[in-house]
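[1] Give me a model of this one.
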Amino acid sequence: MTNVNDVVAAKVEAARQRIAAEKADRERRKRARSAGLAARHARKLLNLGVSNATPAPSGA
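    Prediction:
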């Protein structure tokens, strides 16, 4: 027979591990979201710069 305290301790440890994994996942998603937004903003600025630029005269 197992001790009730052992069962409770196992559940608490499992909950701690689950919470730590969820926190790490949130951090990973936050970094990916930040990188994606930075890339999106950079692309938008590049597109705005290109669309506002006057076309270069052709060599022909």
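
[2] And for Arg26, the neighbour number?
    Look at Arg26: counted by other CB atoms under 10 Å, it has 10 neighbours. Where C-beta positions appear, they are placed from N, C-alpha and C, glycine not excepted.

[3] any idea which element it lies in?
    Per DSSP states H and E, Arg26 falls inside helix 4-52.

[4] can you give me how far that helix is from the chain middle?
    Offset of helix 4-52 from its chain centre (CA atoms, centre = their mean, to the nearest Å): 4 Å.

[5] That one - what's its average pLDDT?
    Averaged across helix 4-52, pLDDT comes to 92.

[6] Use 758 as the first number from now on
    Shifting the count to begin at 758 puts that one at helix 761-809.

[7] just checking, what packs against that helix?
    Contact partners of helix 761-809 among helices and strands, from 3 or more CB pairs under 8 Å, 6 or more residues apart in numbering; DSSP states H and E: none.

[8] Now stretch 768-778: buried residues?
    For stretch 768-778, burial by neighbour count (16 or more other CB atoms under 10 Å) applies to no residue.

[9] can you count the residues close to Arg788?
    Other residues near Arg788 number 10, with proximity taken as other CB under 10 Å.

[10] again, but for Thr759
    If we define neighbours as other CB under 10 Å, then Thr759 has 7 of them.

[11] Next, work out how far apart it and Val765 are.
    For Thr759, the distance to Val765 equals 10 Å [CB to CB, to the nearest Å].

[12] same check, this time on Lys801
    Distance, Lys801 to Val765, by CB to CB: 53 Å.
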